[in-house]
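> Whatever this is, show me its structure:
(chains A, B, C and D)
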There are 2 protein chains.
Amino acid sequence: MESAKTAGATAGRPRLSGSADGSPRQEIIREATALFVAKGYAETTMSEIARSAGLRQSSVYYWFARKEHILQALLEENRTSLQVAQTLEPAPGPASARLYAVLHADAVQLCASPLDFYEFERVARSQPQNFGPFFEDYGELHRLVTSIIRQGLDSGELRDVDPEAAATAALSLNEGLQRHYRQPLPGLRTYTADDVSTLSADTTLASLLLTPDGLPGVRPEAAALATGPTGGLARVNSPAES
Amino acid sequence: MESAKTAGATAGRPRLSGSADGSPRQEIIREATALFVAKGYAETTMSEIARSAGLRQSSVYYWFARKEHILQALLEENRTSLQVAQTLEPAPGPASARLYAVLHADAVQLCASPLDFYEFERVARSQPQNFGPFFEDYGELHRLVTSIIRQGLDSGELRDVDPEAAATAALSLNEGLQRHYRQPLPGLRTYTADDVSTLSADTTLASLLLTPDGLPGVRPEAAALATGPTGGLARVNSPAES
DNA sequence: CGCTGTTTCGATAACCTATAGAAAGTCTTG
DNA sequence: CAAGACTTTCTATAGGTTATCGAAACAGCG
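Here you go, the predicted model:
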């Protein structure tokens, strides 16, 4: 037991519907992602995922022991805003611009993610042991944002607020607005991903700066930071067991 | 058919487990609410609701044709912040204080509601025809908040922003923070309902006022509005069919 | 050619929502 | 006060879901 289960496609019993293109694992993730985007996680069944990937329902369980594991694998391929925060927190320059850049990048990522943040959170909470990294990443992002706000406080750029509460509010706004981008409520205006990201970062900075007049100056600085020192992504590609 | 189905408890086949205390419908709502609060909507089964209410699983369907109808009935008993907004939107006095009062009241209600806002929204979206009132109420709240912001713009109390986008951001912040109150993430500080409500209203007002210095003055004005002209609640009590 | 390891399949258990129709009372009415 | 109508609950079951189990079908190797 506990064998290779690598990306090969030749061994094993052949599928009824032709054979796989590439790694079955990646293929399942790809098809599941498309279905999650279209219908949401809870409303997507393992049978549908199997049909899209070209296997039978029970065969998917050879690659992912539980439905949540597919979501987990999907999550691990989508983390960039944390890297932006890790880069910018210790960077020099005004804290307000770095804060703007981090919040904007986070909002963009939330909008671009294949799944609603709250769906991730819901599933993560029901399987805490499998989603440790999710909570750790969130905690670290919160810590970094708190730190940047504290820097802005010390340098006199920002109003006197509780840095930790302000970070919670800033991230909450990102999460709440992400939802309005992703699922526009009937009768309300629809926004692009950049609309909500700018709206969120603008709002948070306006609430934290000593005077909102500073906002127009912060935006170009933040844009320079965002285009400049951006790191690449690390990708994971290994079959999951158990 | 299409008969009374009123609150009476005497007619009909008797229950295996004694008979009902009051209106079966209200009893089901009460027990279901407790379970939803404890475990969330999706994780609560009709069998559990039935057991708590003292009937068999299928008997619940006599009172509620679908599981979502219980949620819908529950929702109709919990709307107060919209009334606050309807009262304060046309009221005289500074717009900033009225805005603060409305946002704070909305956040308090979101925290006090038995169910997560996003669970309501999720179910509402899957059953749009049954949850028309939910979307209408939300749309009206958004419209009222937009109007108050526009008043503040006209009176020169608030910065020059897009009122509709600002309203979306304000409500998103309420919704996002509600989540942090309701389901604190591991490793982060926990907040009381009043903490998050004040944090939310503070943040939004700080982002909209011409200068954040005005914030300490707005809070007491808003508090006076909140305690003063508050209307009572309208309650609904009729059995649901279809 | 038989053995081992890998991958897929079919069957099935356990649980869920929802429906159908019978059953067990009360209420009304002649 | 008996017969039927009405109300409410029950049992039984259909059909869909996640997840498990063991057999089946292939490749590669001695």
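
> how much space between the nearest residue to A:Leu55 once chain neighbours are set aside and DNA strand C?
Once flanking residues are discounted, A:Leu55 sits nearest to A:Arg15: 6.1 Å by Cβ to Cβ, 6 or more residues apart in numbering or on different chains. C-beta here means a position set from N, CA and C on the backbone, and glycine is covered the same way. Distance, A:Arg15 to DNA strand C, using Cβ to the nearest atom of the strand, to the nearest Å: 4 Å.

> cool, A:Arg189 as well?
Taken as Cβ to the nearest atom of the strand, the span from A:Arg189 to DNA strand C is 32 Å.

> Residues touching the helix or strand of chain A with the lowest mean pLDDT, excluding its own?
Least confident helix or strand, chain A: helix A:117-126 with a mean of 87, by mean pLDDT, DSSP states H and E. With contact meaning Cβ atoms under 8 Å, 6 or more residues apart in numbering or on different chains, helix A:117-126 is reached by A:36, A:40-42, A:68, A:71, A:75, A:110, A:113, A:131, A:134-135, A:175, A:178-179, B:43, B:118, B:179, B:183.

> what about 7 Å?
With Cβ atoms under 7 Å, 6 or more residues apart in numbering or on different chains as the contact definition, helix A:117-126 has outside contacts at A:40-41, A:68, A:71, A:75, A:110, A:131, A:134-135, A:175, A:178-179, B:118, B:183.

> Quick one: classify the residue of chain A found nearest DNA strand C as helix, strand or coil.
Closest to DNA strand C within chain A is A:Gly12: 2.0 Å, counting by Cβ to the nearest atom of the strand. When classified by DSSP: H, G, I helix; E, B strand; the rest coil, A:Gly12 comes out as coil.

> Could you report the neighbour count for it?
Each residue near A:Gly12 was counted by other Cβ atoms under 10 Å in any protein chain shown, and the total is 11.

> repeat for A:Leu199
23.

> quick one, longest helix in chain A?
Ranked by residue count, the top helix of chain A under DSSP state H comes out as helix A:132-154.

> ok, back up a step: in CSV: the contacts of helix A:117-126, plus distance to B:Ser47.
What follows is the contacts of helix A:117-126, written out as CSV (distance: Cβ to Cβ, whole Å):
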residue, distance to B:Ser47
A:Gly40, 25
A:Tyr41, 24
A:Glu68, 23
A:Leu71, 27
A:Leu75, 32
A:Leu110, 36
A:Phe131, 28
A:Phe134, 31
A:Phe135, 31
A:Glu175, 33
A:Gln178, 35
A:Arg179, 31
B:Tyr118, 25
B:Gln183, 25
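
> hang on, the earlier thing: so which bits of the longest helix of chain A are buried?
A:134-135, A:138, A:141-153 (16 or more other Cβ atoms under 10 Å in any protein chain shown).

> With stretch A:220-228 instead?
A:221-222, A:225-226.

> Average pLDDT for it, rounded please.
Here stretch A:220-228 scores 87 as its mean pLDDT.

> Show me the contact partners of that stretch.
A:88, A:94, A:97-98, A:100-101, A:104-105.
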